[in-house]
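In: the following comprises the amino acid sequence and a computationally predicted model.
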Amino acid sequence: MNDFLMEKQKEACGVFGIINNDDFDTARMVYYGLYALQHRGQESAGIAVKSGNTILCHKDMGLVPEVFDRVILNQLQGNVAIGHVRYSTTGDSSVSNAQPMVLRYRNGNMAIAHNGNLVNASVLRDELESQGAIFQSTNDTEVIANLISRYRVMSNDIVDTIKKVMNEIKGSYAITMITPKRLVGIRDPFGIRPLCIGKTGNSYVIASESCALDAVGAKFIRDIEPGEIVLIDEEGNLESHKSDKKEASSLCIFEHVYFARPDSNVDGVSTHMARVEAGRILAKEHPVEADIVIGAPSGGLDAALGFSRESGIPYGHGLLKNRYVGRTFIQPEQATREKGVSIKFNPIKSEVTGKRVVLIDDSIVRGTTTRQIVTMLKEAGAKEVHMRISSPPYKFPCFFGIDTSTRKQLVASYSSIEEIRELIGADSLAYLSLEGLLRTPVGSTLGFCTACFNGNYPMDVPDEVEKNSCG
Ligand code: 5GP
Ligand code: MG
């Protein structure tokens, strides 16, 4: 990988689904929805549309507006559709792994889009292959599709089929699916990745985040619950079922820290408010004397606001982020990597010169970007740079959709806070405590997965975990 941003963990994928009982353009709605979910994956994008008994699908590598144009969207005619934006958690980033996946099975055609990562996909794949199954991709979504097809043969009920599959697969999954008769949304029993339902006119929408409902003018109805299966038919009837498996809810807390867009509500909590609260608690836990609080865009901005409000230190706009530099920005040589960061970020000198700056960011993964930002601020004349991180040290790899496959990448897993401070060149460095972070999703009634901070995984994770699935 030669992308300097590829060194980071990769984001979770985004899924979207719609059943059109009005007369808008189905594929365009999905396109707008995926546009709003672009932050969850920039590697590939795809839309599958069902018309009668056929499912048309277009997917390719690239950003949503690169993959789709007017001509392609016009060809995708139909009344039920799903879409996906992907960032592979590692390994194969090829179009064969792009989603949605469209499959023929005994009952007709099916399309499936998945956000998450199965921890037992290779065991299941081996089993299926030894019984003659053929796979076209290396991603775990195809394993799910295969199991659905297999169990559907033995049952004449789709709900029963899905429940059986949910008993077999382990890991995280938020799924949108088209079956011959319905649009389906499925969330794993732990509820690790988010999924919600909205409505516009007589049409239902399912999306990873509520910001995608806003983008298509749909009204948020509710979050899909952990372990819930939602089915919507073409008459607009919505059915809800629960998986046989009951688990303690474990939403990925990193959704609130970094992944989800701040204008989304996840499981009843505003991501923006959770981040502001993180900044407030951080200011109480680790106060510092300074002249200005700035956020590292965009992840650190909301928490910087909270830090400023709590500490009374003025909030400033001290770092500009070039919004046209995507996360897939390619940096061929080590020597040009540093330049990459200066293309992406530039300090606003008039805000920081001669000042003691508190710099807030959501997390430090490797420390590379952070070091360059601190250096930049100092070169721009900042007298002091005090780094405050709105989450605890990121120490443990994620097996549920974020690629931190080797712990070596995580600077906090092998360095002390003082060593990290020295590495990034800040005058001081402090992190939000885990107790503090857990108080940030104010009003939440669900539990959280905090494994990346404390190593407490909500389920057993095998040593050799699949690396080819969607994050
Ligand atoms: P580092 O200093 O570790 O190189 O970079 C820290 C920055 O990476 C922070 O600004 C944080 O917002 C960002 N970050 C954290 N997680 C991810 C991720 O999954 N993907 C990307 N692209 N950036 C991330
Ligand atoms: Mg950031």
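Out: It's in. Ligands and ions are numbered 1, 2, ... in the order given.

In: so what pairs up with residue 171 in the strands?
Out: Going by DSSP bridges, residue 171 is paired in beta bridges with residue 118.

In: what residues are up against it?
Out: 116-121, 140, 188, 399-400, 459 (CB atoms under 8 Å, 6 or more residues apart in numbering). In this view, the C-beta of every residue, glycine as well, is placed from N, C-alpha and C.

In: which residues does residue 207 form beta bridges with?
Out: When assigned by DSSP bridges, residue 207 has beta-bridge partners residue 16, residue 196.

In: these two touch, right, it and residue 16?
Out: Yes: using CB atoms under 8 Å, residue 207 is in contact with residue 16, at 4.9 Å.

In: how many other residues sit next to residue 278?
Out: Counted with other CB atoms under 10 Å, residues neighbouring residue 278 total 27.

In: okay, domains of the chain per the record?
Out: Domains of the chain are assigned by automatic domain parsing as 3-259, 270-443.

In: would you turn those into TSV with distance to ligand 1 and mean pLDDT?
Out: Output for these, formatted as TSV (distance: least, CB to the nearest ligand atom, whole Å; pLDDT from 0 to 100):
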stretch	distance to ligand 1	mean pLDDT
domain 3-259	4	92
domain 270-443	3	91
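
In: can you put those in a markdown table and add distance to residue 450?
Out: Below are those laid out as a markdown table (distance: least, CB to CB, whole Å):
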| stretch | distance to residue 450 |
| --- | --- |
| domain 3-259 | 5 |
| domain 270-443 | 6 |
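
In: hmm, back to that, now do the shared contacts for residue 207 and residue 16.
Out: Common neighbours of residue 207 and residue 16, using CB under 8 Å, 6+ apart, are 33, 37.

In: more neighbours: those two, which one.
Out: The neighbour count for residue 207 versus residue 16, taken as other CB under 10 Å, is higher for residue 207 (34 against 31).

In: quick one: contacts for the more buried one?
Out: 14-17, 33, 37, 195-196, 198, 213.

In: rewinding a little: out of the domains of the chain, nearest to residue 453?
Out: domain 270-443 (4.3 Å; CB to CB).

In: how far off centre is the closest one?
Out: 19 Å (CA atoms, centre = their mean, to the nearest Å).

In: how about stretch 12-22?
Out: That offset, for stretch 12-22, works out to 16 Å (CA atoms, centre = their mean).

In: ditto for stretch 26-45
Out: 13 Å.

In: what is the three-state secondary structure of the nearest residue to residue 262 once chain neighbours are set aside?
Out: Nearest non-adjacent residue to residue 262, counting by CB to CB, 6 or more residues apart in numbering: residue 272, 3.9 Å away. For residue 272, the assignment made with DSSP: H, G, I helix; E, B strand; the rest coil gives helix.

In: what are the neighbouring residues in contact with residue 272?
Out: So residue 272 contacts 262-263, 302 (CB under 8 Å, 6+ apart).

In: with residue 427 instead?
Out: 384-386.

In: most surrounded residue in those?
Out: Neighbour-wise, the contacts of residue 427 (other CB under 10 Å) top out at residue 385, 25 neighbours.

In: got the CA positions of the host helix or strand of it in PDB?
Out: Residue 385 belongs to strand 384-389 when assigned by DSSP states H and E. Output in PDB follows, covering the C-alpha atoms of strand 384-389 (Å, rounded to 0.1, in the frame of the first residue of the first chain):
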ATOM      1  CA  GLU A 384       3.000  25.900  23.100                       C
ATOM      2  CA  VAL A 385       0.900  23.000  21.800                       C
ATOM      3  CA  HIS A 386      -1.100  21.000  24.300                       C
ATOM      4  CA  MET A 387      -2.600  17.900  22.800                       C
ATOM      5  CA  ARG A 388      -5.800  16.600  24.200                       C
ATOM      6  CA  ILE A 389      -7.400  13.400  22.900                       C
END
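
In: check which helices and strands that strand sits against.
Out: When contacts are defined as 3 or more CB pairs under 8 Å, 6 or more residues apart in numbering; DSSP states H and E, strand 384-389 packs onto helix 271-285, strand 356-361, helix 368-379, strand 428-431.

In: helices and strands around the second one, which ones?
Out: Secondary-structure packing of strand 356-361 (3+ CB pairs under 8 Å, 6+ apart): strand 292-295, helix 301-311, helix 368-379, strand 384-389.

In: repeat that for 10 Å
Out: Counting contacts by 3 or more CB pairs under 10 Å, 6 or more residues apart in numbering; DSSP states H and E, strand 356-361 is packed against helix 271-285, strand 292-295, helix 301-311, helix 368-379, strand 384-389.

In: reformat these as TSV; add distance to residue 95.
Out: Below are the helices and strands packed on strand 356-361 laid out as TSV (distance: least, CB to CB, whole Å):
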stretch	distance to residue 95
helix 271-285	31
strand 292-295	36
helix 301-311	34
helix 368-379	29
strand 384-389	37
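
In: which one of the ones you listed is the most hemmed in?
Out: strand 292-295 (a mean of 27; mean count of other CB atoms under 10 Å).

In: show me the contacts for the residue located most distally from the centre of the chain.
Out: The centre of the chain is farthest from one residue, residue 354, which by CA atoms, centre = their mean lies 38.0 Å away. By CB atoms under 10 Å, 6 or more residues apart in numbering, the residues touching residue 354 are 291, 381-383.

In: could you redo the last one with a cut-off of 6 Å?
Out: Residues in contact with residue 354 (CB atoms under 6 Å, 6 or more residues apart in numbering) are residue 381.

In: following the strand holding residue 385, which helix or strand comes up?
Out: Immediately after strand 384-389, counting by DSSP H and E, sits helix 411-414.
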